[in-house]
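> Next comes the sequence, and after it the predicted model I'd like to discuss.
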Amino acid sequence: MTILLDGKNLAMLRERELSDRVAALRAGNGNQTPILATILVGEDPSSATYVRMKGNACRRVGMDSRAITLPSSASTETVVSQIDQLNADPAVHGILLQHPVPAHVDERVCFDRISIAKDVDGVTSHGFGLMALGESAFGSATPAGIMHLLSHYGIDISGKRAVIVGRSPILGKPMALMLSNANATVTLCHSKTVNLEAEVRRAQIIVGAVGKPNFIPSEWISDGAIVVDAGYHVGGVGDIDPAGLLDRCAAVTPVPGGVGPMTISTLIAQTVTAAERACGRS
Ligand code: NAP
């Protein structure tokens with residue numbers, strides 16, 4: 001029987017546990033309410049929606065959020081200066097710079113300005129390097145959320161052939177390293193991959209992280225595969241064509257309700273951990 005990797009339900013369960021941890025922080029000596037600061041540069045409606053959803057998730061577990069909105073004309077220096085202020089503010093435990101920023105802003109410079117202790121979205125080069133080496137670090141929220149989902153449903157990763165389609169710094173690349181650290185044998189595909197179909201056909205774990213609706217045809221996916229679709233597009237479509245997969249695969253993430261809720265839940269969980277560390281509780 002196919003396992004439905006239900007991220008929505010798991011995120012709800014996790015929120016109960018996070019609410020308890022937040023309540024303990026608020027009741028503690030320091031009377032600390034964890035705060036996630038979000039920075040949105042520009043007016044992209046999807047990005048604005050994602051930031052709003054993250055603020056709502058904070059409130060559901062009793063945390064606060066601080067929403068900073070900068071105009072699309074903001075320079076790299078302006079964003080960096082905003083990050084510096086948040087780094088220096090002891091009331092702020094986590095910083096999220098919503099990706100993508102406008103093209104004239106140097107996203108890497110901005111990401112790398114975030115203090116490692118507050119890098120709850122796992123976007124800094126420093127955090128990436130630590131994660132890659134198997135050291136303690138907040139993981140990039142989407143792949144870390146996927147790892148949590150696979151673990152919760154008891155999916156055995158060790159020794160499996162994993163194929164990831166897409167190698168972005170926030171998704172495909174860290175996903176490859178996390179799966180490798182969990183002892184999968186990993187192939188990381190991208191736009192220059194020759195014969196993508198052959199690569200996907202060999203996958204025992206397939207992760208769609210390409211950003212193109214229904215880009216991976218369901219016929220390419222082997223019977224018994226574990227299918228993780230990180231893509232999300234207008235109309236609730238993912239990167240992988242889901243036709244027939246529920247009948248013949250070992251496990252499948254729904255779109256929506258699979259990876260998306262796990263991303264937000266991981267961001268919130270990592271912010272709570274950052275707050276616990278700031279209070280000397282973790
Ligand atoms: P991205 O930065 O645009 O990266 C896309 C990747 O796909 C690149 O590595 C690119 O290769 C590769 N690619 C493009 N065309 C290809 C082709 N024809 N064959 C093979 N590979 C190809 O995207 P992203 O930010 O990683 O996002 C990917 C998807 O995940 C999007 O649908 C996005 O909405 C979704 N997403 C979801 C969440 C969530 O919380 N659910 C979070 C983040 C992203 P090159 O490197 O060679 O250019």
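Yes, it's here.

> show me where the stretch 1-150 of the chain has strands.
Secondary structure of the stretch 1-150 of the chain (DSSP state E, counting those that start in this stretch): strands at 3-4, 35-41, 64-70, 94-97.

> Using TSV, please lay out the ones you listed together with distance to the ligand, mean neighbour count and mean pLDDT.
Placement of C-beta: from N, CA and C, glycine included. Listed next are the strands of the stretch 1-150 of the chain as TSV, based on distance: least, Cβ to the nearest ligand atom, whole Å; neighbours: other Cβ atoms under 10 Å; pLDDT from 0 to 100:
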stretch	distance to the ligand	mean neighbour count	mean pLDDT
strand 3-4	17	14	98
strand 35-41	15	23	98
strand 64-70	17	17	97
strand 94-97	12	27	98
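
> any chance of the ones you listed in JSON lines, with distance to Ala269 too?
Output for those, formatted as JSON lines (distance: least, Cβ to Cβ, whole Å):
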{"stretch": "strand 3-4", "distance to Ala269": "22"}
{"stretch": "strand 35-41", "distance to Ala269": "11"}
{"stretch": "strand 64-70", "distance to Ala269": "15"}
{"stretch": "strand 94-97", "distance to Ala269": "10"}
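
> How much space separates Thr33 from Leu86?
Taking Cβ to Cβ, to the nearest Å as the measure, Thr33 falls 16 Å from Leu86.

> related to what we said a few turns ago, Cys189 is nearest to which of the strands of the stretch 1-150 of the chain?
Between Cys189 and the strands of the stretch 1-150 of the chain, the tightest spacing by Cβ to Cβ is seen for strand 3-4, at 24.3 Å.

> The nearest residue to Ser265 once chain neighbours are set aside: how many residues sit nearby?
Counting by Cβ to Cβ, 6 or more residues apart in numbering, the nearest residue to Ser265 once its immediate chain neighbours are dropped is Ala11, at 3.9 Å. If you count neighbours by other Cβ atoms under 10 Å, Ala11 ends up with 25.

> mind listing what Ala11 touches?
Pro261, Met262, Ile264, Ser265 (Cβ atoms under 8 Å, 6 or more residues apart in numbering).

> from what I can see Gln32 touches Ala275, true?
Yes. Using Cβ atoms under 8 Å, Gln32 is in contact with Ala275, at 6.0 Å.

> Common neighbours of the two, please.
Leu25.

> and the stretch 101-250 of the chain, which of its residues are near the ligand?
Within reach of the ligand by Cβ under 6 Å from any ligand atom, the stretch 101-250 of the chain has these residues: 142, 165-168, 170-172, 189-193, 196, 209-211, 230-232, 239.
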